[in-house]
Each structure stands twice: as structure tokens, then as C-alpha cells.
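Asks: Show me how the following folds:
(3 chains)
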Amino acid sequence: MDASADLPLSRRAMAVPQAAAPWLDGLNPEQRRAVEALDGPVLMLAGAGTGKTKALTARIAHLLTTGRARPNEILAVTFTNKAAREMRTRIGRMVGEAVEGMPWVGTFHAVSTRLLRRHAELVGLKSSFTILDSDDQLRLLRQLVQAAGIDEKRWPARQLAGVIDGWKNRALDPDRIPAADASAYDGKAVDLYAAYQRRLLDLNAVDFGDLLLHCIRIFRENADVLAQYHRWLRYVLVDEYQDTNVAQYLWLRLIVGPSRNVCVVGDDDQSIYGWRGAEVGNILRFEQDFPGAVVVRLEQNYRSTPHILAAASAVISGNKGRLGKTLWTALNEGEKVRLIGHWDGDEEARWVGEEVEAMARGTRGMDPIRPGGVAILVRAAHQMRAFEDRFLTIGLPYRVIGGPRFYERQEVRDAMAYFRLVISPDDDLAFERIVNTPKRGLGDKAVQAIQVCARRNGVGLLDGARIAVESRLVGGRGGAELKVFVEAVERWHRQAIEEPDAHVGLAETILDESGYTAMWKAERSPDAAGRLENLKELVKALEGFDSLQGFLEHVSLVMDNATEDGEEKVTLMTLHAAKGLEFPAVFLPGWEDGLFPSQRSLDEVGLKGLEEERRLAYVGLTRAERVATVSFAGNRRVHGQWQSQLPSRFIDELPPAHVEVLTPPGLYGGGYGAAGMAMSASPVMQAQASSDIMDRAARADVYASPGWRRLQERAARPVREPQEGRGLTIDAVALSSFAVGDRVFSQKFGYGRVQAIEGDKLDVLFDKAGAKKVVARFVVAAPGQGEMPF
DNA sequence: GTTAGCAGCGTTTTT
DNA sequence: CGCTGCTAAC
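Replies: I've put the predicted structure just below:
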């Protein structure tokens, strides 16, 4: 990559339109302050829907247009590709083509990649390093775990991946792991982490976390490099600052130069990524980190009606330790937040489907809302299935955001592995993925032989394979096919070098000659056709790039589906994916304790988890412009088992004055709590009920049942903080003291409650696995909520 | 070495 | 319930 392409060598004037100041039009006084405070640190606390992105982009336009900075002197980082794209588009709208010259607008990871490509050799990498996604990462870790002779059943590699990611989020190198963490993964995590890092270096590869960590190291160890960027990147902006983790924070502290021209934007109430290491503390601490910072609060909400805003504010006020904002709006009253309970998840989906259609017609005196203006926001991805099923049956067009992503599909990843291997023949991970795809008669033994061969000769697997064939270490049918494969890859590789422009044709050749397309054609499973479609689409996507290499680079970071069509579709996505978006109508299904707030979150991080869940509720509600509809079901199928559900405690936090209960009033009286209570019933009753209406006798049964009493107790119990450790790691301290009734977690059986104690053995009733006797040291205290009812 | 059939498992959220 | 990973037979 050529430095002169995007960094200034001389200070010539930039071609930026010199209009009066249209980018300042329509800003309110606070926004304007945030835009015009150009020098020194700025903290923009922007509540939901207060025009944060508008202010941020206006600020960039202001910097450019006043000549304070040129396009390539502004560093603007976001978290998601979506946000980065959005920012680019909006800057483009204000300053036109100048946005093309802004290389430093992107996600933390994308910007880091750019930096790292340039200075790779400073951390022992080649600038052509590959970026592993979580899938690759897991495969690699699995190999290491196996090599270490660890029983993967008891210690899943996935867990190790989680531990390592956690450390990377906190910017901890293998030699810096605090003693308290040393017991993780049976005490072997630290060594495996070190081994993993060595292996990555060998492979000339990095994972997502490394992108940041390597940059941090480069900055720390190379003052000259850092100084250079301080000179170049004159203004720094960070979006969604409340989501930064420790590594990102350090990265930022380093890259912001002595001029301290840094503007961070965020909302502590929308911090929903604690589980992946985000530290709300970063935003709470900003004024201490950058003394003298200008603090701007954006509190006027332009998005939602007063009822929606009031409901959201009431819910979020249950959290402690907020910076505190008072959102207000000049909009007219509008609809109250609507609340409805359903018998089960299927009925909830059915009702939502009908409601979407009704809204399109214009129901209850409301102006019509087209399906394209409707979003269904769920807590967990698996909730989406019920809606998809329903929408398919009634023929309601929908789209899923953040579902299984295009570039994560097996066939696409396989094809990509072929391309990777052709471009970089020493990409061992790619080689391993596809040597035997399609089947070439090469099993574990053959692959092992190749590996031995490669290691002995100090070469990559592809070369190792050639040697193995020549020396007949791999013979028979597999050997013959391997020979063909190796020769083909080498041929394609030459072709890629000789005719770099013919990359689209080459891609087709690779997929055809390797037999990969044929493999799917021969398969007659229902989704084979779709996979072939995807392959075609992949090849088509290639046309947008001028080389295979460029394409691979793009794909490794931008892993989302950008296919947008103009059709009117209902949007289905998780609450996490919805942050930053807005819709005229929003449905919030599944507000049931255990699902939302998620039981796991409560078990693992206690009150902190509950507060994060509450912020999620706040994010959900504040996505709505005109109508927000909260719903819950009394019964839900979890792992194929029917479970009774208690309405979410967040429902009780909705202020009655701003809520309209839609459930037929004959069903129950009183507040929402009662609403949900009547809906919660045993699976037996579920079979009895033929309609929405339950008779009194049935309800009496519900209230009398032991399950119901347990539910009430559970709801009444306060959330406790988890004890030692994070509840997931086996922690010596937590071993000793169990009491009957304690909530515990076991690697093997999940969560449960202690029934009896005999010496070092516990009788535990597990939520899912049932009653088991377990040795105390295999179990760890996991205080939190009670068991599932009934 | 491959494939089919079975058991057991697990589901939060993502760059 | 749907998936993955393992085992037993081809």
C-alpha cells in the first residue's frame, strides 16, 4: 500500500465546496455547539434519536469546509460496517466527492487493518497477513487443544476462544494475564493462548482482536511511527463511544495526539455490548481522561412521540450510575405504548402478522404504516423463526438483518478458501479447509502425512503436499487426486499472476476445475440449488473489484449482506442489530423473564447484566417513531420443550399512564402483572385451551399450582451478584461453600439448584438435565434467579 | 476413507 | 427441534 495515496505529503488546498455553511442549517443550539467546538476534547452525550449522527457528520463537514482538516486528516471510527457506511454516505451528501478521499473512516477493525498492513513487519508479520474470522479461529484453537491432549468434551475449544477473546478485549498479552484469570480453562488457557499467538504468527495471520492489539504494540514500541500519525491524523472522532472496550480505549488514547482533538459521541444508556468487553466506564471517565473537555448534551429527541419517550425514560430510570439525560420532544402526543399478552409464541407471531397487515391498511384511526416501516426486534436470534414461519404462510414479505450472513455460509467460505490458497499458496488454513472438499479420498491420515512432510521441510502445506506425493508418502487413490489438486492450484496461481485482470474468469475456472461446483450439482439436498446461487453471486461480486486480492481484503472485514432492494418488507432483527435505526412502528415480542431479561445474563453478571438488559429494552423502545408494541407469551417452546413464562419485569416498569393494554379486558383485571399471570399456565392447560379465553376455574388452578408459587417467589427475589469469578470458570474459592438451595452451574449440565449435600457430592436438580449427583468441584456457584417453573 | 445413522447437546447478543 | 460430532458399518 502506497502511503502517498492517502496521507498528505504537502499541504495543498483541497477541493471542498466553499458554500456559506449549509451544513450548519437545521442544527439546534446544542448540536451546533458540538459541531463548532473543533479544538480540544469534546464529549457529546447524545440520547436516542437526538440527531447524533447528524451532528457528527456536520462536524466533519465543518472541519473539511473551514479548511481545518483535509479529508485524509480525519480519523472517524465506528463499530459496525453499517455505521461506517452510513457515516460515509451522509458526509458525502454534505461535502460531495471529498468523502472519497477519506481513507480513515471505518470501523476500529478496518482502520487497524490499514495501519497494520503498513507496519506489519514491526510485529513480525508480513503485510499480506490473513485475517481469521471466528470460525477460522475456532478451528485453529481446536487443533491446539487436541495437540495438548485435552478432552474437548469437558473443555470445549469454544470456551477457550471466549477466554482468549476476553483477554484480547482487555488488551492482555499472554505474559500479562492476571493471576485471578490463570485458572481459566482448567488452568491451561494461558499456555494455549501463548501457543495460539505463536501459531498465528507462523501462519502470518491475525484474529479480530489482534488487529487492535498489534496496532497498540506498534504505537507503544515505535514512537516515530506514532508521532507520524499524530501529525497526519489531526482530528479524531469516535462514534458509540460507550461501546469501546479496553483495547479500543488504549488504541484511541495512543492515536490521539498532543493536540487532543478528539470528539467522542455516545450514550451510556445505550451501552449494550458489555458481554463482549465494552466498558461503559470509558465514557463515564472521559472528562477525567481528557481534562477540560467540552461536554455537550443532546436531549431533544426528534424521533419518537411523547408516550414512547416517556415509557423508555421510565424504564431506563431503573438503572443506577447513569450520566443522566432528560430527553424531551416537541412532537405531538401520538399513540401510547401498546402491550399485549399471548397464549404462546406462535400466537404472538400470528397476531403480529395480522397487526402488520392492519397497520398497512390504517387501523384504529392511525395513519397507515407500510410494512417497510415496521420492525420486529427480538432479544435472541432464535425467536425469529416463529415470525419467519408465520410470515411465509401469510405471504408477508420480510427480511432478516444480521442472520446467517452471506460470507459466513459454508459454500462461500469454501470458495473463498480456494481463492485464498491460489493467491497465497502458503495459506495453510485455507489448504486444510479444502484439500478434501470436494472429496478427494484424503482423510486424517493423509492430512497428517502432509503436515509432517511440510514441517520436516519447513514449508507450507501445499508444498508439503507436493513433496508427500513425490516421495509417495501419500499414495493410492488419494495420492493421485492430491497430485492433480496441487498441480491445479499451482496452475491457477500462475494464472493469477500472469493475468491479474482476468480474475472473474479465473474464479469460475477454479470452482469448475476443482470440482467444487460439480459437488453441489451432484448433491440433491433441497438447499444445494441455493448454494449454487450463492456461488454465482460470489463470482458476480468479484466483478466489482479489480483483483482477487482486493476482493479478499474487502471480504475479510466487511462480512455483511449488502443486498438491498426497494421492496416493502418487514424488518426482523435482534435488538443489538437495531441500535442506531428507527422505524415508524416497532414490535417488541418476547418480553418474558428468562428470555428478556435473559436468564443467562443475570446468572453470569448479576445486576450489571440486568442493567444491560434494561438498556436493551430502552434501545428497543426508542427505535419507534410512532408506535411501539410490547408483547409476551405465557408459554414458549424452548429446546423443543414447552415452558411457562412469566412476563418480563420490564413490563412492570412501563408507566401505566403511557401504556395501552390491548389484551381483552375480560381475561383478567388489574395491572400488567396480573395480565401475564393469567397467561402463564401449565403445559397441560395449554393443551386444554382452545381459544384465547380461559375460564375462571382454569385460572384458579394456575394460581394454586406449586409452579406458580415458585414463579412468584422467583420474581420477588432480588438479583444477586455472582460470587467469585464470572460464574463460568471453575474457581477454587467457590468450591467449598455450597448450601441446599444454592444456584449452581456445571460445565456438563448447565444451571441447577442444590437439593442435598453428602460430603463432597451434591444432589443437584438441573434445569435441563434433571437430577444428578455431581462432585462439588465440578460445579460453581451461579447465584441469580430461580429455576424454570413447573 | 467414506457414509449413514444415532446420540447428545445447546441457544444472546458481534467485529 | 435442529444441529454437530461421534460411532458403527460399507
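Asks: Could you list the residues in contact with stretch A:520-532?
Replies: Stretch A:520-532 has contacts (Cβ atoms under 8 Å, 6 or more residues apart in numbering) with A:R409, A:Q410, A:E411, A:T517, A:L535. All C-beta atoms are positioned from the backbone trio N, CA, C, and that covers glycine.
Asks: Straight-line length of it, end to end?
Replies: 7 Å (Cα to Cα, to the nearest Å).
Asks: residue ranges with poor pLDDT in the stretch 351-500 of chain A?
Replies: For the stretch 351-500 of chain A, the stretches with pLDDT under 70 are A:403-405.
Asks: Check chain A too.
Replies: For chain A, the stretches with pLDDT under 70 are A:1-20, A:403-405, A:525-526, A:556-566, A:663-751, A:756-762, A:766-790.
Asks: what does it have sitting close to DNA strand C?
Replies: A:E152, A:H639, A:G640 (Cβ under 7 Å from any atom of the strand).
Asks: Regarding chain A, what is its longest strand?
Replies: Using DSSP state E, we find that the single longest strand of chain A is strand A:624-638.
Asks: after that one, next one along is what?
Replies: Next in sequence after strand A:624-638, counting helices and strands by DSSP states H and E, comes strand A:641-644.
Asks: ok, now how distant is the residue in chain A positioned nearest to DNA strand C from A:L646?
Replies: With Cβ to the nearest atom of the strand as the measure, A:G640 is the residue of chain A nearest to DNA strand C, at 3.1 Å. Taking Cβ to Cβ, to the nearest Å as the measure, A:G640 falls 20 Å from A:L646.
Asks: what does A:E299 give?
Replies: Per Cβ to Cβ, A:E299 is found 35 Å from A:L646.
Asks: Between the two, which is the more surrounded one?
Replies: Shown here are A:E299 and A:L646; by other Cβ atoms under 10 Å, A:L646 has more neighbours (25 against 15).
Asks: That one: what's its closest spatial neighbour, skipping adjacent residues?
Replies: Nearest residue to A:L646, sequence neighbours excluded (Cβ to Cβ, 6 or more residues apart in numbering): A:D593, at 4.6 Å.
Asks: Pull the number of nearby residues for A:I401.
Replies: Using other Cβ under 10 Å, A:I401 has 17 other residues around it.
Asks: and if you look at A:E612?
Replies: Neighbour count for A:E612, taken as other Cβ under 10 Å: 21.
Asks: Could you say which helix or strand holds the closest residue in space to A:D173 that isn't next to it in sequence?
Replies: Closest residue to A:D173 apart from its sequence neighbours, by Cβ to Cβ, 6+ apart: A:L213 at 7.5 Å. Remark: A:L213 resides in helix A:208-221, with elements defined by DSSP H and E.
Asks: now do A:G26
Replies: Applying DSSP H and E, one finds A:G26 in no helix or strand.
Asks: and it, backbone torsions?
Replies: Main-chain dihedrals, A:G26, degrees, to the nearest 10: phi 70, psi 10.
Asks: again with the one 10 residues further on
Replies: Taking degrees, to the nearest 10, you get phi -90, psi -10 for the backbone angles of A:E36.
Asks: so what's it up against?
Replies: Counting by Cβ under 8 Å, 6+ apart, A:E36 makes contact with A:L24, A:H62.
Asks: Show me the two of the contacts of stretch A:520-532 that sit farthest apart.
Replies: Greatest spatial distance among the contacts of stretch A:520-532 (Cβ to Cβ): A:R409 and A:T517, at 15.0 Å.
Asks: Strands along the stretch 1-150 of chain A, start to end?
Replies: Assigned by DSSP state E, counting those that start in this stretch, the stretch 1-150 of chain A shows strands spanning A:42-46, A:74-78, A:105-107, A:130-131.
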